[in-house]
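Student: Need a 3D model of the sequence below.
(one chain, ligands or ions: 1)
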Amino acid sequence: MTAPVKSTCDKLKLEIIDHTALVTIDNPAANTWDTESLPALKTLVEDLNADRDIWALVLTGAGEKFFSAGADLKLFADGSPDTAREMSQYFGEGFECLADFRGVSIAAMNGFAMGGGLEVALACDIRIAEEQAQMALPEAKVGLLPCAGGTQRLSWLVGEGWAKKMILCGERIDAAKAEHIGLVEEVVAKGGAKDRAIALAAQVGQQSPISVTYCKELIHEARDNAMGSALPNERQKFVDLFGTHDQKEGVNAFLEKRKPEWKNA
Ligand SMILES: C/C=C/C(=O)SCCNC(=O)CCNC(=O)[C@H](O)C(C)(C)COP(=O)(O)OP(=O)(O)OC[C@H]1O[C@@H](n2cnc3c(N)ncnc32)[C@H](O)[C@@H]1OP(=O)(O)O
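Tutor: Have a look, this model is predicted:
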């Protein structure tokens with residue numbers, strides 16, 4: 001018998017419910033991602049992948065307000081290109097490992113899903129949002145860009161037009177709009193995402209797990225082939241931004257709660 005899987009990080013809580021791993025991002029105030037939780041996510045998903053009794057993964061956020069507000073912006077206030085390289089690698093490895101999870105992954109979006117918080121939901125197979133949830137890829141508002149698969153996975157899911165409206169115009173959308181454009185598969189009442197996701201995961205459990213794994217790999221094949229080198233390129237452009245004035249200005253303006261003054265340099 002193999003030892004039960006454990007989370008290696010307090011910011012990621014793990015509960016096993018039958019064949020489903022319930023993973024809760026628990027990093028107050030905004031369930032942000034950092035240099036502890038991102039590598040821990042990778043380790044956790046690898047360990048869950050190795051456990052043949054785990055067939056589904058549900059990801060949610062602790063508390064009532066945030067699913068996840070993305071990267072902890074405090075890490076980027078005076079970050080260097082090396083900081084950016086390290087963070088983008090952690091994001092890439094963590095979220096790509098989740099995207100390749102052997103079973104079905106479901107994001108139970110219980111509140112704000114912003115930046116890397118929306119990108120982790122995009123790395124899941126299915127998204128269930130509570131009616132009050134709001135989502136955006138607002139990285140360009142703070143002088144950054146979505147480097148955790150967002151430019152690619154959002155475009156694949158909702159098409160180029162809405163991806164551009166959200167990424168280039170910084171448009172934040174509510175759950176109803178997200179369902180309308182195909183960004184989430186279901187909207188449920190406030191407080192209901194986790195239970196609905198666990199119920200859906202149990203439904204997955206009625207299928208052959210090995211069939212599910214093979215089908216998922218095949219569904220991903222066309223997209224992954226077409227993406228080519230886009231994911232490493234996305235990470236490199238994120239690193240490049242850290243040599244600019246506007247990256248520092250954008251992040252510091254957010255932390256100082258003021259409007260940024262862009263120089264386009
Ligand atoms: C590759 C990935 C890159 C990225 O992910 S870059 C980050 C992208 N994410 C964002 O830009 C979202 C930033 N957050 C927000 O815009 C706002 O939050 C919300 C619209 C989501 C909610 O606004 P409101 O209701 O006014 O809450 P609040 O007072 O802003 O947030 C509560 C506390 O949480 C902190 N916080 C929120 N998001 C982040 C973050 N991403 N990094 C660090 N701290 C964050 C705030 O500052 C504040 O803290 P305090 O209570 O001390 O003032």
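Student: could you pull out the strands for the stretch 101-250 of the chain?
Tutor: Secondary structure of the stretch 101-250 of the chain (DSSP state E, counting those that start in this stretch): strands at 104-109, 112-114, 126-130, 134-136, 173-174, 186-188.
Student: And the residue lying closest to Leu241 once chain neighbours are set aside, how far from Lys74?
Tutor: If the residues on either side of it in the chain are set aside, Leu241 comes closest to Gln247, at 4.6 Å by CB to CB, 6 or more residues apart in numbering. The C-beta positions use only the backbone N, C-alpha and C, and glycine is treated the same way. Taking CB to CB, to the nearest Å as the criterion, Gln247 is separated from Lys74 by 14 Å.
Student: More neighbours: which of those two?
Tutor: Residue environment comparison for Gln247 versus Lys74 gives the larger neighbour count to Gln247, 21 against 13, counting by other CB atoms under 10 Å.
Student: my guess is the more buried one meets Val239, correct?
Tutor: No - using CB atoms under 8 Å, Gln247 is not in contact with Val239, being 10.3 Å away.
Student: quick one: the residue nearest to Leu241 and Phe91, what's the gap?
Tutor: Here Gln247 is placed at a distance of 16 Å from Phe91 (CB to CB).
Student: same check, this time on Arg85
Tutor: Here the distance between Arg85 and Phe91 works out to 11 Å (CB to CB).
Student: which residues do those two both contact?
Tutor: Arg235 (CB atoms under 8 Å, 6 or more residues apart in numbering).
Student: out of these two, which sits in the more crowded spot?
Tutor: Between Arg85 and Phe91, counted using other CB under 10 Å, the more crowded position is Phe91 (27 against 16).
Student: How about the contacts made by that one?
Tutor: Counted by CB under 8 Å, 6+ apart, Phe91 has contacts Trp33, Leu38, Ala71, Gly116, Glu119, Cys147, Ala148, Arg235.
Student: Relative to the helix or strand where Ala21 lies, what are the paired strands and their orientations?
Tutor: Element membership for Ala21 (DSSP states H and E) is strand 20-25. Its sheet considered, strand 20-25 pairs with strand 12-17 (antiparallel), strand 56-61 (parallel) by DSSP bridges.
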